[in-house]
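>>> Sequence first, then the predicted structure, then my questions.
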Amino acid sequence: MKRKLDKNDRPSSGADSEQKPATEKPEAEFSFTDLGLDPRLLQAIAKQKFEKPTLVQRKAIPLALSGQDVLCKAKTGSGKTAAYVLPLLASILKKKQTTTTASTSALVLVPTRELADQIFKAIEQFASFCAKDIQAVKLTDKLTDAVQRSLLSNSPDIVISTPARAWHNVNSSALSLDNLICLVLDEADLMLSYGYDEDMKNLAKLVPKGVQTIMMSATLSAEVDALKEIFYRDPTLLDLEEPEADGEGISHFVVKCGEDEKFLLAYVIFKLQLIKGKCIIFVADIDRSYRLKLFFEQFGIRSCILNSELPVNSRIHVVEEFNRNVYDIIIASDEKSEMLNVDPEDEAEDDKKGEEKEEQSKHPKKRRKVAKRDSEYGVSRGIDFKNVGTVINFDLPTTASSYTHRIGRTARAGKNGMALSFVVPEALYRKHMPTTVDTAEKDEKVLARIIRQQKKIGKEVNDYNFNKEQVEAFRYRMNDALRAVTKVAVREARTRELRQELLKSEKLKRYFEENPAELHHVRHDGELRTARSQPHLKHVPDYLLPKDGKKGLTSEEIGFVPMRKKDRSRHHKKGKRGVKVGGRRADPLKTFKARRKTK
Ligand SMILES: Nc1ncnc2c1ncn2[C@@H]1O[C@H](COP(=O)(O)OP(=O)(O)OP(=O)(O)O)[C@@H](O)[C@H]1O
């Protein structure tokens, strides 16, 4: 058995002499130059303005450089990508010093196309000063077999792929693993739940002995153990829990509320701009995402939808634009609920063929099931949404590990963030929706698990206390809006968006290829307008606003995301200059006293 390393441990052996300084310095003084990386990689790191390596980078890079197999468990957003990409690039650059023969040295397996795209971009950035020496390709785009074969014909140094695509190409002899020096399994904890077991087993048989294996994971699950077995590996385990000072990292809150109150609270929170900055709202299924979007539309609140039914180009573009601060609110659905009626055989088939979904979509029956398959597996996991201040679980996920992945979209790269979850207590479900009691039981059970999980890492999950009376004042408007969002409106919105996004996707595909700089005029947060329009709802009448501003709504610092000094000063400067956030008007609660009519 390999021994387990923790955050205070140092790799005991194997690190070659060039990398030795990596473990000698105190944490505060530690810099990327101490990792013994190629100067071209250091230049690329500097260009990205990474000042210091994160904990996982400090620990994993020397181990990986020494050639050991590594299983690294570190929290979401902690910088795991660079932790394996940098040593990978370093090994390839080293290999190139002794050989000029082209061969594929590294295979990076990821569970989704979005992730493949993200990793490909990260590799491009880190290899920007040695681009002529490193060729990387990703196989997961909607490329024909012929295109994939031609991409692989030059034996690129790095291939990034889902296991299904990788196996497809290995099986057809388009991709050779004979000269592999490194295999990476990113998001290892998600890989098997995406249905890639068979592909993994097939690939494992052809990975040559002695190939270094690096597994990255946000959680250590039975699936990770299963992967170790599939690849016959016993890697050194880096189990890294980063201690967080009070008020740092993610602050967790829950609101116990009824189903309709979720909409009421969402309306109040977003219309009164109680939450600052960017936000991802998670809902249980695709229909609900459209329901919420149409509901928001009634109040003039703009949002984008992210679900697995949308074409992949649109999804990638939504994330890119969100990261460029074009949008403030994403409504994402990534849950299993829609899977319940799917025949397991179809499900397995769809898992395997997930990537051929567009071809299958010619067959309506298949298309319906494939869409369901994607909703099972989520579109947001592992995706690097930048600067997300708040994650709202409008619908609580069904597992604690899904909670970890969802909230991991905030507080990334050492920043702070807030997770606010709406939890429907069983009693309220029994009262209003007796047929869905099962789900409610899950809500409370899942919450108990989440609380236990957070406690283990020293985090509390606190109640959020809204002033119910003050919030209730908004109920009749909420009801007006909800009444307009009928089932038919939701269905039409879903179809309309899909149609629009398919058209945009074609455009995007061409643009992605030809002119990426001009992409910004394709927006994804337009109104769908399938619900009856009620223009008066777009304004908040003064009499509804609490006299003492935000404090009248909650005793908590609602939406207040504690910021580090640097962030705080940036925030204040922004305020002074009067910059609009996301193009919205000033915070109504701030200007409310000035606009209030005197009787
Ligand atoms: N040393 C660093 N300094 C500053 N920012 C960093 C550093 N390393 C990574 N980042 C940034 O932190 C963010 C999160 O990194 P990354 O996506 O690699 O996290 P992750 O651990 O893989 O998350 P997940 O488990 O959710 O996939 C990215 O935007 C990345 O650019």
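Good, I have the coordinates. If you're wondering where the values come from, they're calculated on a predicted model, not measured in any experiment. Numbering: from 1, shown residues only.

>>> Validate this expectation: Arg233 resides in a strand.
No. Under DSSP: H, G, I helix; E, B strand; the rest coil, Arg233 sits outside any strand and is assigned coil.

>>> Provide a list of residues in contact with it.
Arg233 sits next to 69, 71, 213, 215 when contact means C-beta atoms under 8 Å, 6 or more residues apart in numbering. Backbone N, C-alpha and C define where each C-beta goes, glycine included.

>>> Could I get the pLDDT score of it?
Per-residue pLDDT puts Arg233 at 79.

>>> for the longest helix along the chain, what is the average pLDDT?
In the chain, taking DSSP state H as the definition, the longest helix is helix 487-514. Here helix 487-514 scores 76 as its mean pLDDT.

>>> what helices or strands is that helix leaning on?
Applying 3 or more C-beta pairs under 8 Å, 6 or more residues apart in numbering; DSSP states H and E, one finds that helix 487-514 makes contact with helix 286-298, helix 312-323.

>>> Now do it and helix 286-298, the angle between them.
Using axes from the mean of the first three to the mean of the last three C-alpha atoms, to 10 degrees, the inter-axis angle of helix 487-514 relative to helix 286-298 is 90 degrees.

>>> ok, which residues in the stretch 201-350 of the chain are in contact with the ligand?
Ala218 (C-beta under 6 Å from any ligand atom).

>>> okay, and for the stretch 201-350 of the chain, where does confidence drop off?
Along the stretch 201-350 of the chain, segments meeting pLDDT under 70 span 242-248, 334-350.

>>> Then the stretch 1-150 of the chain?
Across the stretch 1-150 of the chain, the ranges flagged by pLDDT under 70 are 1-26, 28, 140-142.

>>> So which residues of it form strands?
Shown for the stretch 1-150 of the chain, the strands assigned by DSSP state E, counting those that start in this stretch span residues 4-5, 70-74, 106-109, 136-138.

>>> Figure out which of these is closest to the ligand.
strand 70-74 (6.0 Å; C-beta to the nearest ligand atom).

>>> residues contacting the residue lying closest to Asp69 once chain neighbours are set aside?
Leaving aside its chain neighbours, Asp69 sits nearest to Pro235 (3.7 Å; criterion: C-beta to C-beta, 6 or more residues apart in numbering). Neighbouring residues of Pro235 by C-beta under 8 Å, 6+ apart: 2, 68-71, 213-215, 228.

>>> 10 Å instead, please
2, 63, 68-72, 212-215, 228 (C-beta atoms under 10 Å, 6 or more residues apart in numbering).

>>> Adding distance to Leu139 and neighbour count, write the residues you listed out as a markdown table.
Shown next, in a markdown table, are the contacts of Pro235 (distance: C-beta to C-beta, whole Å; neighbours: other C-beta atoms under 10 Å):
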| residue | distance to Leu139 | neighbour count |
| --- | --- | --- |
| Lys2 | 31 | 13 |
| Leu63 | 28 | 25 |
| Gln68 | 27 | 19 |
| Asp69 | 24 | 20 |
| Val70 | 24 | 28 |
| Leu71 | 24 | 26 |
| Cys72 | 24 | 25 |
| Gln212 | 21 | 21 |
| Thr213 | 20 | 21 |
| Ile214 | 19 | 27 |
| Met215 | 20 | 26 |
| Lys228 | 24 | 19 |
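
>>> So which of these is the closest to Phe385?
Cys72 (21.5 Å; C-beta to C-beta).

>>> Find the nearest non-adjacent residue to that closest one, please.
Distance criterion C-beta to C-beta, 6+ apart; nearest residue to Cys72, sequence neighbours excluded, is Leu238 at 4.4 Å.

>>> Following element in sequence after the helix or strand the one you found falls within, please.
Under the criterion DSSP states H and E, the helix or strand holding Leu238 is strand 236-240. Using DSSP H and E, the helix or strand that directly follows strand 236-240 along the chain is strand 250-256.

>>> could you say what helices and strands that following strand packs with?
helix 259-271, strand 388-393, helix 400-407, strand 417-423, helix 437-456, strand 461-463 (3 or more C-beta pairs under 10 Å, 6 or more residues apart in numbering; DSSP states H and E).

>>> Distance from the next helix or strand after the shortest one to the middle of the chain?
The helix or strand immediately downstream of strand 461-463 is helix 468-472, counting by DSSP H and E. Average the C-alpha atoms of helix 468-472, do the same for its chain, and the two points are 33 Å apart (C-alpha atoms, centre = their mean, to the nearest Å).

>>> Quick check: residues of this structure near the ligand?
50, 53-54, 57, 76-82, 218, 382, 384, 386, 408, 412-413.

>>> Give me the buried entries from the residues you listed.
Among the residues of the chain next to the ligand, those classed as buried by 16 or more other C-beta atoms under 10 Å are 50, 53-54, 57, 76-82, 218, 382, 384, 386, 408, 412.

>>> Just the ones in helices from those, please.
57, 80-82.

>>> In this structure Leu203 contacts Phe231, no?
Yes. Contact criterion C-beta atoms under 10 Å: Leu203 and Phe231 qualify, at 8.6 Å.

>>> what sits in contact with each of those two?
Leu183.

>>> higher neighbour count, these two?
More crowded of Leu203 and Phe231, by other C-beta atoms under 10 Å: Leu203, with 23 against 20.

>>> Quickly find the element holding that one.
If you go by DSSP H and E, Leu203 is part of helix 197-206.

>>> one step back: mind putting the helices and strands packed on strand 250-256 in a markdown table, mean neighbour count included?
Shown next, in a markdown table, are the helices and strands packed on strand 250-256 (neighbours: other C-beta atoms under 10 Å):
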| stretch | mean neighbour count |
| --- | --- |
| helix 259-271 | 21 |
| strand 388-393 | 25 |
| helix 400-407 | 22 |
| strand 417-423 | 24 |
| helix 437-456 | 16 |
| strand 461-463 | 14 |
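
>>> need the contact list for Glu223.
188-194, 197, 217, 401.

>>> follow-up on the earlier one: partners of the strand holding Leu238, with directions?
strand 4-5 (parallel), strand 70-74 (parallel) (DSSP bridges).

>>> ok so, going back, tilt between the longest helix of the chain and helix 312-323?
90 degrees.

>>> ok now helix 487-514, how far from the chain's centre?
Once both centres are worked out by C-alpha atoms, centre = their mean, helix 487-514 turns out to sit 21 Å from its chain's centre.

>>> Check stretch 484-504 too.
Stretch 484-504 sits 24 Å away from the centroid of its parent chain (C-alpha atoms, centre = their mean).

>>> Report the buried members of the contacts of Glu223.
188-194, 197, 217, 401.

>>> Of all pairs in those, which one spans the longest distance?
Using C-beta to C-beta, the pair of the buried ones among the contacts of Glu223 lying farthest apart is Asp197 and Ser401, separated by 18.3 Å.

>>> dump the residue contacts of the residue of the stretch 301-450 of the chain found nearest the ligand.
Residue of the stretch 301-450 of the chain nearest the ligand, by C-beta to the nearest ligand atom: Ala413 (3.1 Å). Neighbour list for Ala413: 50, 54, 77-79, 384, 386-387 [criterion: C-beta under 10 Å, 6+ apart].

>>> cool, Leu41 as well?
Leu41 neighbours (C-beta under 10 Å, 6+ apart): 32, 35, 82, 85-87, 89-90, 93, 126-130.

>>> Export the ones in helices among the buried ones among the residues of the chain next to the ligand as TSV, with columns for distance to Pro163.
Compiled in TSV, those are given as follows (distance: C-beta to C-beta, whole Å):
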residue	distance to Pro163
Gln57	26
Lys80	19
Thr81	18
Ala82	23
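
>>> ok, for the closest residue to the ligand within the stretch 101-250 of the chain, nearest residue in space, not its chain neighbours?
Ranked by C-beta to the nearest ligand atom, the top residue of the stretch 101-250 of the chain for proximity to the ligand is Ala218, at 4.4 Å. Distances taken as C-beta to C-beta, 6+ apart place Thr76 nearest to Ala218, at 4.8 Å, with adjacent residues excluded.

>>> ok, the one you found touching Val388?
No. Taking contacts as C-beta under 10 Å, Thr76 lies outside contact range of Val388: 11.2 Å.
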